[in-house]
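Participant: Next comes the sequence, and after it the predicted model I'd like to discuss.
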Amino acid sequence: MRLLLDEIPTGWELRNLGGVDGLAPACEFLDHMRVPVNSTERAKRHGPYPYYGANGLQGQIDNFLFDEPLVLLAEDGGFFFDGERPVSYRVDGKCWVNNHAHVLRALPDVDRDWLHWVIAFQDLTHLIPEPIRPKLNQSNAKRIRVPVPPLAEQRRLVGRIEALTGRLAQARQARRAALTEAEAMLESAIKSAFHAVESDDDSADLPFDEAIVRLQSRGGKLRTSEYKEEGRLPIVDQGQKLICGYTNETERHFQGPLPVVIFGDHTRNVKFVDFDFAVGADGVVLMRSCERIEPKFLYYWLCSRELHQLGYSRHFKLLHEETIRFPNDQAAQEGITDKLDALAAKLDELRRLQQEVQAELAAFTPALLAKAFRGEL
């Protein structure tokens, strides 16, 4: 969510960044001092000074344009419609700024940190004329409202804001660490399980090509609309790319035996799906296991191969040279996958809780700032 500024408390002054629309300014724009340098030129001019863009550090350079406490406000490419990430950030000391960020110098009676917090999570969407290619030009940036209490009150409120958001950052870090630890535990359990299979005398071997049946799509590339059936949406990966889904066109889908295992560079990891009908998008490999190997066993075996290190599409070619070792007894295969499924379920629950907490934490900062700007903090 983005912050909407309401009425300001008595004794505060309402300004805007540029001193337009009959209001006094809160800062000075130093945009005329910005100089863009492309990545090729920066590679020739590497140095000790930070080079900043719309959302933060972009690299290093051999000279500087600024040497003072400043607020940088995204001009284009900012998180204007994100709701969770700030549109401004602070810089100190010698640095270089390109033309993708407005450079703001707070006026003497405006604390630099207060200026940042006022605009960082403010709702600026009404100032973005083209949402498709969002850009906050200077004329619109100057209209951003800034409530200005007495300087001592600004600094007191900044202290409270940063103390509370510091705790928020610690909570986020703790959640991320817990999730990372759980993911590492599952990865370790998968490796241990297949290491035990490798040394088990009651295990068999099959060349990869004999252990799997690859499903080929004869329809070529399919549009998202072609995957819909009875209102069910396609599966997408984190990058929102179509990887697998439903279709009504019988000549372009595969009917069981499913479930199938899918992977490819579009998926960013191996996935296990259980569809009545399935079709793979371009760049995605669909396969099912042979009768001697349980589908979930094949899935976890692929997870154990660390395919991401080479890229999934390239690694699929190398898999043809590998041999899959598996217990002859399918009940033993199921025993392995049941244990891994239980760990994976716990990880999924932790991810779900992480998402819920992340949403709560994301809403906390705007709510905190709204209280600060009402003089209630």
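Facilitator: Everything's here; your move.
Participant: In contact with residue 149, which residues?
Facilitator: 9, 11-13, 157, 375 (Cβ atoms under 8 Å, 6 or more residues apart in numbering). All C-beta spots, glycine's among them, are computed from the backbone N, C-alpha and C.
Participant: Repeat the analysis, applying 7 Å as the threshold.
Facilitator: 11-12 (Cβ atoms under 7 Å, 6 or more residues apart in numbering).
Participant: And the one 4 residues further on, by the same measure?
Facilitator: Residue 153 sits next to no residue when contact means Cβ under 7 Å, 6+ apart.
Participant: and the closest residue to residue 124 other than its chain neighbours, how far is that from residue 142?
Facilitator: In this structure, residue 124 finds its nearest non-sequential neighbour in residue 80, 5.7 Å apart by Cβ to Cβ, 6 or more residues apart in numbering. The gap separating residue 80 from residue 142 is 16 Å, by Cβ to Cβ, to the nearest Å.
Participant: go on, residue 168?
Facilitator: When residue 168 is compared with residue 142 (using Cβ to Cβ), they lie 31 Å apart.
Participant: neighbour count winner among these two?
Facilitator: Applying other Cβ atoms under 10 Å to residue 168 and residue 142 shows that residue 142 carries more neighbours, namely 20 against 14.
Participant: Identify the residue spatially nearest to that one, adjacent ones excluded.
Facilitator: Leaving out its chain neighbours, the residue that sits closest to residue 142 by Cβ to Cβ, 6+ apart is residue 18, at 2.3 Å.
Participant: Measure how buried the one you found is and give me the count.
Facilitator: Count around residue 18 with other Cβ under 10 Å applied: 21.
Participant: Contacts only, for it.
Facilitator: Applying Cβ under 7 Å, 6+ apart, we find residue 18 in contact with 25, 29, 142-143.
Participant: host element of residue 59?
Facilitator: strand 56-61 (DSSP states H and E).
Participant: what does residue 177 give?
Facilitator: Assigning secondary structure by DSSP H and E places residue 177 in helix 151-198.
Participant: now do residue 90
Facilitator: strand 88-91.
Participant: before we move on, back to that, and the contacts of residue 18, which two are furthest apart?
Facilitator: Taking Cβ to Cβ, the two most distant members of those are 29 and 143; they sit 12.4 Å apart.
Participant: got a pLDDT number for residue 283?
Facilitator: Residue 283 is assigned a pLDDT of 58 by the prediction.
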